[in-house]
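# just to be clear, the model below is a prediction. Sequence and coordinates:
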Number of protein chains: 2
Amino acid sequence: MSVSGDFGLNGTIIEFAVPYVVFLGDANDEAFAKTALGLIQWRRENCAGQVRLPGCKVDAGVTDLSVAQAKGAGVRSLIVGSAAVGGAIPPHWIATLCEAALLGIDIVAGLHMPLADLAHLAEAAAAGGARLIDVRVPPAGLPVGSGRKRTGLRLLTVGTDCACGKKYTALALEREMRARAMKCDFRASGQTGIMIAGRGVPLDAVVADFLTGAAEVLSPANDADHWDVIEGQGSIFHPGFLQVTIGLLVGSQPDAFVVCHDPLRKEMLGCPSFLLPSIGEVIERTIDIGRLTNPAIRCAGIAVNTSKMPGDARTLLLKQYANEFALPCVDPLIDGVAAIVDRLLAHTQ
Amino acid sequence: MSVSGDFGLNGTIIEFAVPYVVFLGDANDEAFAKTALGLIQWRRENCAGQVRLPGCKVDAGVTDLSVAQAKGAGVRSLIVGSAAVGGAIPPHWIATLCEAALLGIDIVAGLHMPLADLAHLAEAAAAGGARLIDVRVPPAGLPVGSGRKRTGLRLLTVGTDCACGKKYTALALEREMRARAMKCDFRASGQTGIMIAGRGVPLDAVVADFLTGAAEVLSPANDADHWDVIEGQGSIFHPGFLQVTIGLLVGSQPDAFVVCHDPLRKEMLGCPSFLLPSIGEVIERTIDIGRLTNPAIRCAGIAVNTSKMPGDARTLLLKQYANEFALPCVDPLIDGVAAIVDRLLAHTQ
């Protein structure tokens, strides 16, 4: 029996229903529950509570619910928000997942193995009419990229390296735009982002030929004053991943981009013989390549992770970058991103 | 039963055994037998003959053999060198393929469906100990790209567009190098190239995250004076496929590249609103990006498809390009590629 094919797909992007509960299993360390904590940080309004097994040492700070209580509260999805060692689902978690699936609650996970490979869970999902949604598995039917201009406005977060704040910067920008009643959507391109947004495409798992097409599908035509805030991937100078970065850039055809940077990092993640590029090099290369599908592409700001720097040093560094590039320069999680949104508005009104 | 997983894989590239026969089915038009004709043009020495069904109107110009005769002649692979309308294998071809598989002859094809999905053929292959090799299916276990420098010399063919002679230019370069007793290998990155070479990786079908890694596997470390001549893909300015081109470029870390160009083409294949880039733009962008993993990257020549131009015009055009770029400029199938190999040798000795 194969149930993974069309599950979790709505058109050509992954999409699941809210409200949801986060399932923490019996996680004993917050490090294993990063996904759940991220969901609640950014989408508290979609989370009805947490389902925990005996022995769980992690508390996501939301209401404890049993599966039956979750169903009673109208919960539509259960998100496996905790990873066990090895990335698989431990056997003693499965009964709870089956209970939810039998009640028609969709199960969402980002594991290395398809949920449908768990035979009991597949049977429960079939019996309960629940979907099994693997956020690592790209949707079927992705097109080849066309490069055609779409209506609406787009912002892409890019980075001097992998894992330097692109997802959280995009989420912070969406939150700031929403606070100003601007039309906008966060567009998730990785598995954690998809769990937070409730939809998206895991771009790194898409077959190479369809990468630009997947990025086009991810940020479709929209109202002229609507911003898609697109989660970036990799880095345009990373020797292992630049193809993902560039496919996403060209398919997204962004009007604006924000460069994310970790000032304490010296070498590219996983590639110690490659020095980190400068912010200026990233701006220049992103514009060079992005112009192919959007000649008006411009840098709208710099987001710096200063969490490990003393206050004086961080203030000095942000000021230095702001002067060097004549751009708003912030730590999104400390300063917020209002300065960047101000700049966007100044250039589009 | 699933037999597609490890079939046709040797380490992490696809590889099949020679000599082979080409199977033409009952093709009634050479357009359906392009693959078979390409195989024989470039690897006549590996082809023991052709297997044809009654009604076949195409003749590849090699000995007609029955499956039994092929087995008797030591044939180890049968290549489905003819595509039927729709890309599937017609039911009336299957008995012949099963006959070969039962005799232990490996079956090689580049269809949209896995060979193993043909139940009778899968059974015959299991019974006869034959492999079913899908050249569209990337090998398992491809790594993430590391960017580390490998020993040996590499040349990549690139293009102003898709489908402008990159494969044949690479094959012509390999042939010229072999004629000079240079150490070299053609490295195939697409399905037809893989059939010609007998091995390779179908890069366009690789998951995006592993594209640079696949290109690294495709041209492994080698003798210091050994050239890998790598078949390029797409174009660095193609809005649908540039991510494949760039992943291949950075993973290949070429010392030299040759730009392939069709002077009669005005717009990018499949993207009519995108004008073809100039040869100069392709050289510049290829060097800009290729420098990431090989700072010494240089352009070694220009290959122009002049087959549809009158003699005077072609001579003039080639001379014009040669002057403009100070590079050897040839039509590989008319002029040969000796001038380009001369240039390579002048720069590496």
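Alright, I've got the coordinates. Numbering: from 1, shown residues only, chains lettered A, B, ... in the order given.

# check contacts around the closest residue to chain B within the stretch 201-349 of chain A.
Taking CB to the nearest CB as the measure, the point where the stretch 201-349 of chain A comes nearest chain B is residue A:239, at 2.8 Å. (Glycine included, C-beta is placed from N, CA and C.) By CB atoms under 8 Å, 6 or more residues apart in numbering or on different chains, the contact set of residue A:239 is A:268, A:271, A:274, B:145-147, B:212, B:250, B:292-293.

# cool, residue A:69 as well?
residue A:49.

# mind checking how far residue A:149 is from residue A:292?
12 Å (CB to CB, to the nearest Å).

# surely the residue of the stretch 201-349 of chain A closest to chain B is in a strand?
No: counting by DSSP: H, G, I helix; E, B strand; the rest coil, one finds residue A:239 to be coil, located in no strand.

# need the pLDDT of the residue lying closest to it once chain neighbours are set aside.
Of all residues not flanking residue A:239 in the chain, residue B:147 sits nearest, at 2.8 Å (CB to CB, 6 or more residues apart in numbering or on different chains). In this model, residue B:147 is scored at 97, pLDDT.

# cool, and residue A:334?
Reading off the model, residue A:334 has pLDDT 95.

# isn't it right up against residue A:305?
No: taking contacts as CB atoms under 8 Å, residue A:334 lies outside contact range of residue A:305: 9.4 Å.

# ok, those two, which is more surrounded?
residue A:305 (22 against 13; other CB atoms under 10 Å in any protein chain shown).

# got the contact list for that one?
Neighbours of residue A:305 in contact, by CB under 8 Å, 6+ apart: A:164-165, A:260-263, A:331, A:333.

# what about the residue lying closest to residue A:297 once chain neighbours are set aside, neighbour count?
Nearest residue to residue A:297 in three dimensions, chain neighbours excluded: residue A:290, at 4.0 Å (CB to CB, 6+ apart). As a burial measure, residue A:290 scores 25 neighbours (other CB under 10 Å).

# on that earlier part again, of residue A:149 and residue A:292, who's got more company?
Set residue A:149 next to residue A:292 and count neighbours by other CB under 10 Å: residue A:292 wins out with 21 against 11.

# what residues does chain A put near chain B?
Neighbours of chain B within chain A, by CB under 8 Å from any CB of the partner chain: A:144-148, A:203-209, A:211-213, A:237, A:239-244, A:246-247, A:250, A:270-271, A:273-274, A:285, A:288-289, A:292-293.

# one more time with 6 Å
Residues of chain A lying close to chain B by CB under 6 Å from any CB of the partner chain are A:144-145, A:147, A:204-209, A:211-212, A:239-240, A:243-244, A:246-247, A:250, A:271, A:274, A:292-293.

# just the ones of those residues in strands?
Counting by DSSP state E, the part of the residues of chain A next to chain B found in strands is A:271, A:274.

# tell me the buried residues within the residues of chain A next to chain B.
A:144-145, A:147, A:204-209, A:211-212, A:239-240, A:243-244, A:246-247, A:250, A:271, A:274, A:292-293 (16 or more other CB atoms under 10 Å in any protein chain shown).

# low-confidence ranges, chain A, go.
Counting by pLDDT under 70, chain A contains low-confidence ranges at A:1-11, A:83-87, A:349.

# at 90 instead, please
A:1-13, A:27-38, A:81-90, A:110-114, A:140, A:311, A:347-349 (pLDDT under 90).

# tell me which stretches of it form helices.
Ranges of helices within chain A are A:34-43, A:67-72, A:94-102, A:119-128, A:166-179, A:191-197, A:211-218, A:242-252, A:279-290, A:311-325, A:332-335, A:338-348, based on DSSP state H.

# out of the ones you listed, nearest to residue B:120?
For residue B:120, the closest of those is helix A:119-128, at 28.5 Å, according to CB to CB.

# mind listing what's buried in stretch A:232-245?
A:232-245.

# err, stretch A:173-183, not the other one
A:173-177, A:182.

# dump the residue contacts of residue A:191.
A:110, A:135-136, A:202 (CB atoms under 6 Å, 6 or more residues apart in numbering or on different chains).

# next: residue A:138.
Here residue A:138 is in contact with A:202, A:205-206 (CB under 6 Å, 6+ apart).

# same thing but 8 Å
A:14, A:201-203, A:205-207, A:214.

# also residue A:39?
A:22, A:46-47, A:79, A:81, A:195-196.

# gap between residue A:48 and residue A:137?
Counting by CB to CB - residue A:48 and residue A:137 are separated by 25 Å.

# do residue A:248 as well
18 Å.

# quick one: which of those two has more around it?
Taking other CB under 10 Å, residue A:248 and residue A:137 do not tie; residue A:248 has more neighbours (30 against 21).
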